[in-house]
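In: Sequence isn't available, so here's the structure alone:
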């Protein structure tokens, strides 16, 4: 990688999310007075983000240059690429380009925020080109675990940059839509300034298995099942839904869709012609009791064991209309997302307690990845033959491994640029370097609040969850400073009050003894009283129990 650039202006690439992490994918390309954005994704909260619903990118850099932003270009319809749109579009309402299914999912998402009629959605097809200021962008078909995925060939005065989005080289895709290797090769022949490629599966050797193998597994499993078949999958994986439908048809089973997102996405895919479902195949819940068990196949959400998901409620016997019984088969047709292993394991155990048989990716080919493995990445690099390479979409180790792979197929080490979120990669005059750093970060969404929960709030929540809380209520005469009520101590998550009354009485005595030694002027100052109470109780709890609860003194003037 070039350490310095001899010029100060050219094509800037700025990752606002997705480099050094899984999810939160968002990048900006800037040339002169024009900016185009690639993807606008969210990230689901990590374990330490207590109470957070989702995480979205910090777009401060873009808001400061809002008049330069020409469009948002979407590679595909997964949440980690489109999920932040409802929040970003409130402040940055620009045209959005994407394929039909991608924008179908976007429009459904925007309805929840009453933005669907306010946003300019522009449908493109693979190999369509759009002009956006200094940029011309061509959409290139790629195979992935969702229908209608595209890579982007972004042309600027400095040259062509290819951004793959998420992809794999599936030679037998369910819909017959192959990754457009001819176009990648065409750009490789013409000359590519930089390649930015998906790094998610770079640690996997060989080739990623074809999605069609999952359908073959379904065709083998379904005839053996004597009870109901329940398939849990991501609602956006239309290919997977299609293969479940095909297997159900061959076995004479009716199909019940369960889960709000599953119902909505299937309807969108059918309306747009991406999903073929025979008339009369789908049933609703009220028809379920009249069908024999071996006549039913259910497609549901909740494959990750999410607490409020339909499948989890079924597994816990908490669903009013659907019960899992002896002889039923549950197929978890998705990967175990890192961090969810324990939750999914608990889900499987609960299903077995109900008498079901559970099949998942670790015991059968009921799931394959949507991301390219090492040999596919090598093919892509050899077709595109870029001057520079920036690995994207992955944790830092994935980016490093992908840079090493690029070097193995012939790209010099100095032309592999390891960038992270906030780095400004400048391309100018045939050179490239990390020229600057801009503000980036994570914005937490908690309920209807966006950005009002920061690291300090999360720290407090962690403190509360680990050590509990103690509230000390004291009534003080506003004239004399005499304590006329309390202290009354209420705890939550610290000790069980009914069994620890003697201990709490000792804590009250410590507070009274301490306040008895301070003068009247101090007692008249509430802030001083609070500090004194907090100090003495912190010392008492630490010395007696080695615990450090959050202590909240509440002073009442009487």
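Out: Perfect, thanks for sending it. Computed from a predicted structure; not experimentally measured. Residues are numbered from 1 along each chain as shown.
In: Identify the residue nearest residue 109 in space, chain neighbours excluded?
Out: Distances taken as Cβ to Cβ, 6 or more residues apart in numbering place residue 86 nearest to residue 109, at 6.2 Å, with adjacent residues excluded. Glycine gets a C-beta too; all of them are placed from N, C-alpha and C.
In: sorry, that was for residue 96
Out: residue 72 (4.8 Å).
In: Same check on residue 145?
Out: residue 370 (2.7 Å).
In: and the protein, what are its domains?
Out: 11-206+369-449, 212-360, 458-557 (automatic domain parsing).
In: can you put the ones you listed in CSV and add mean neighbour count?
Out: Compiled in CSV, those are given as follows (neighbours: other Cβ atoms under 10 Å):
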stretch, mean neighbour count
domain 11-206+369-449, 20
domain 212-360, 18
domain 458-557, 15
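In: Let me see the mean pLDDT of the longest helix seen in the chain.
Out: Secondary structure of the chain per DSSP state H: the longest helix is helix 526-545. Average pLDDT, helix 526-545: 84.
In: The next helix or strand after that helix - contacts with which helices or strands?
Out: Using DSSP states H and E, the next helix or strand after helix 526-545 towards the C-terminus is strand 550-557. Judged by 3 or more Cβ pairs under 8 Å, 6 or more residues apart in numbering; DSSP states H and E, strand 550-557 is in contact with helix 455-467, strand 469-476, helix 526-545.
In: what about residue 345, helix or strand, and which?
Out: Counting by DSSP H and E, residue 345 is part of helix 341-353.
In: ok so, going back, and the residue nearest to residue 96, what helix or strand is that in?
Out: Residue 72 is part of strand 69-73 when elements are defined by DSSP H and E.
In: same question, residue 205
Out: Here residue 205 is assigned to no helix or strand, by DSSP H and E.
In: Could you measure from the closest residue to it other than its chain neighbours over to residue 197?
Out: Of all residues not flanking residue 205 in the chain, residue 374 sits nearest, at 5.3 Å (Cβ to Cβ, 6+ apart). Residue 374 sits 12 Å away from residue 197, going by Cβ to Cβ, to the nearest Å.
In: Same question for residue 204.
Out: 14 Å.
In: what does residue 404 give?
Out: Taking Cβ to Cβ, one finds residue 404 at 13 Å from residue 197.
In: list residues touching both of these two?
Out: Here residue 404 and residue 197 share no contacting residue, scored by Cβ atoms under 8 Å, 6 or more residues apart in numbering.
In: before we move on, the earlier item: can you pull the pLDDT of the residue nearest to residue 145?
Out: Reported pLDDT for residue 370: 94.
In: I'd guessed it sits against residue 142; true?
Out: No. Using Cβ atoms under 8 Å, residue 370 is not in contact with residue 142; the gap is 9.9 Å.
In: any residues in contact with both of these two?
Out: Contacts common to residue 370 and residue 142, judged by Cβ under 8 Å, 6+ apart, are 166, 168.
In: so where do the strands sit in the stretch 351-500 of the chain?
Out: 357-360, 388-392, 394-395, 423-428, 431-437, 442-446, 449-450, 469-476, 483-492 (DSSP state E, counting those that start in this stretch).
In: now the ones you listed as CSV including distance to residue 256 and mean pLDDT?
Out: Output for those, formatted as CSV (distance: least, Cβ to Cβ, whole Å; pLDDT from 0 to 100):
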stretch, distance to residue 256, mean pLDDT
strand 357-360, 19, 93
strand 388-392, 39, 98
strand 394-395, 37, 92
strand 423-428, 48, 96
strand 431-437, 52, 94
strand 442-446, 32, 75
strand 449-450, 36, 62
strand 469-476, 45, 83
strand 483-492, 42, 79
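In: Residue 544: which of these is closest?
Out: Closest to residue 544 of these, according to Cβ to Cβ: strand 469-476, at 12.9 Å.
In: got the angle for that closest one vs strand 483-492?
Out: For strand 469-476 against strand 483-492, the angle by axes from the mean of the first three to the mean of the last three Cα atoms, to 10 degrees is 170 degrees.
In: hang on, the earlier thing: any idea how far the residue nearest to residue 96 is from residue 40?
Out: Applying Cβ to Cβ to residue 72 and residue 40 gives a distance of 6 Å.
In: before we move on, the earlier item: so which of the strands of the stretch 351-500 of the chain comes closest to residue 533?
Out: Closest approach to residue 533 among the strands of the stretch 351-500 of the chain (Cβ to Cβ): strand 469-476, 5.5 Å.
In: Quick one: list the elements packing against that closest one.
Out: Judged by 3+ Cβ pairs under 8 Å, 6+ apart, strand 469-476 is in contact with strand 483-492, helix 526-545, strand 550-557.
In: Contacts for that strand next, please.
Out: 482-494, 511, 523-524, 526, 529, 533, 537, 541, 549-558.
In: so who does residue 132 touch?
Out: So residue 132 contacts 34, 36, 70-71 (Cβ under 8 Å, 6+ apart).
In: which one of those residues is nearest residue 284?
Out: residue 71 (40.0 Å).
In: how about that closest one, what does it touch?
Out: Contacts of residue 71 (Cβ under 8 Å, 6+ apart): 36-37, 94-97, 130, 132.
In: ditto for residue 359
Out: With contacts defined as Cβ under 8 Å, 6+ apart, residue 359 is in contact with 221, 329-332, 366.
In: cool, residue 25 as well?
Out: Residue 25 sits in contact with 17-18, 39, 41, 80-81, 392-393, where contact means Cβ under 8 Å, 6+ apart.
In: Using a markdown table, lay out those together with secondary structure.
Out: Putting the contacts of residue 25 into a markdown table (DSSP: H, G, I helix; E, B strand; the rest coil) gives the following:
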| residue | secondary structure |
| --- | --- |
| 17 | strand |
| 18 | coil |
| 39 | coil |
| 41 | coil |
| 80 | helix |
| 81 | helix |
| 392 | strand |
| 393 | coil |
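In: Relative to residue 430, which of the residues you listed is nearest.
Out: Closest to residue 430, out of all of those and judged by Cβ to Cβ, is residue 392, at 21.7 Å.
In: Distance-wise, check that closest one relative to residue 39.
Out: Taking Cβ to Cβ, one finds residue 392 at 10 Å from residue 39.
In: Which residues are in contact with each of these two?
Out: 18, 25, 27.
In: which one of those is nearest residue 420?
Out: residue 18 (10.0 Å).
In: per-residue confidence for the closest one?
Out: So residue 18 comes in at 93 (pLDDT).
In: Low-confidence stretches in the stretch 251-400 of the chain?
Out: Low-confidence segments of the stretch 251-400 of the chain, defined by pLDDT under 70: 338-339.
In: in it, which spans are helices?
Out: Assigned by DSSP state H, counting those that start in this stretch, the stretch 251-400 of the chain shows helices spanning 260-271, 310-315, 341-353, 374-384, 396-408.
In: now the angle from the fourth one to helix 396-408?
Out: Orientation of helix 374-384 against helix 396-408 (the same axes, to 10 degrees) gives an angle of 50 degrees.
In: Packing partners of helix 374-384?
Out: Using 3+ Cβ pairs under 8 Å, 6+ apart, helix 374-384 is in contact with helix 181-190, strand 194-198, helix 396-408.
In: The first one now?
Out: Using 3+ Cβ pairs under 8 Å, 6+ apart as the contact definition, the elements that helix 260-271 packs against are helix 100-111, helix 238-250, strand 296-300.
In: distance between that helix and the chain's centre?
Out: Here helix 260-271 is found 20 Å from its chain centre; the criterion is Cα atoms, centre = their mean, to the nearest Å.
In: and the angle from that helix to helix 238-250?
Out: 80 degrees.
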